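**Student:** Test case, fold it:
(2 chains)
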Amino acid sequence: DVKVTQSSRYLVKRTGEKVFLECVQDMDHENMFWYRQDPGLGLRLIYFSYDVKMKEKGDIPEGYSVSREKKERFSLILESASTNQTSMYLCASSFADPGQGTYEQYFGPGTRLTVT
Amino acid sequence: SQQGEEDPQALSIQEGENATMNCSYKTSINNLQWYRQNSGRGLVHLILIRSNEREKHSGRLRVTLDTSKKSSSLLITASRAADTASYFCAPMDSNYQLIWGAGTKLIIKP
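**Tutor:** Predicted coordinates:
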């Protein structure tokens, strides 16, 4: 089974702190994604990556950055946490080649981040 | 990006009944996927239907797709308590990005 793990299930940080959220997948997927999920808004894409050291902005990248130094690991960084970044953060991965898969995404359990 | 929209926002039915959820979207798509999210297992992929398919089955799930109307439906037959969850449709656009709506919250009453 594909497994996507995230470093923390719950995290409480103070305004202005630098926050690191880690995600690791074990399926050799090329694609990795970071979403945030807020009530009534569904999932919104923050950043994604199609390959090591490659990143693309999603719909809401402001206030975030990412790092992908290894294929299996994708990190989300909140440079200076703010209260409006309080949310559930979901990491996902998928194959890139439709011949290998069907672009379905596999999700981690999520990190509920509270910024006070 | 444009969101998909699920309808209804919430649905409560008796165990054993069928549940139907609908989805509409605005852009052309490569495929459309349905996901389920509950507190126990997180967000899990259920089924994918390609843009050239009209209907697909997987166990108690039946998905239809009408690309002319830009809509899809998910039918869960013979519902069980374990089906209680939020269900999301996620059309995949031409850039291979999933477009997410706010989901349908399904409650199965015993």
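**Student:** Show the residue spans covered by the strands in chain A.
**Tutor:** Secondary structure of chain A by DSSP state E: the strands cover A:4-6, A:10-13, A:19-25, A:31-38, A:42-49, A:56-57, A:64-70, A:73-78, A:87-94, A:106-107, A:111-115.
**Student:** The fifth one packs against which elements?
**Tutor:** Helices and strands touching strand A:42-49, as assessed by 3 or more C-beta pairs under 8 Å, 6 or more residues apart in numbering or on different chains; DSSP states H and E, comprise strand A:31-38, strand A:56-57, strand A:64-70, strand A:73-78. All C-beta spots, glycine's among them, are computed from the backbone N, C-alpha and C.
**Student:** buried residues in the first one?
**Tutor:** Looking back up the chat, that one is strand A:31-38. For strand A:31-38, the neighbour count (16 or more other C-beta atoms under 10 Å in any protein chain shown) marks A:31-37 as buried.
**Student:** what's in contact with it?
**Tutor:** Identification of contacts with strand A:31-38 by C-beta atoms under 8 Å, 6 or more residues apart in numbering or on different chains yields A:21, A:23, A:25, A:43-50, A:58, A:60, A:64, A:66, A:68, A:74, A:76, A:85, A:87-96, A:105, A:110, B:100.
**Student:** how much space between residue B:8 and chain A?
**Tutor:** 14 Å (C-beta to the nearest C-beta, to the nearest Å).
**Student:** Where does the prediction get shaky in the chain?
**Tutor:** I went with chain A, as the question did not name one. Residue ranges of chain A with pLDDT under 70: A:1-2, A:97-102.
**Student:** Let me rephrase: I mean chain B.
**Tutor:** Regions of chain B meeting the criterion pLDDT under 70 cover residues B:1-3.
**Student:** For it, just list every one of the strands.
**Tutor:** B:5-7, B:10-14, B:19-24, B:29-38, B:42-50, B:55-58, B:61-66, B:71-76, B:85-93, B:104-109.
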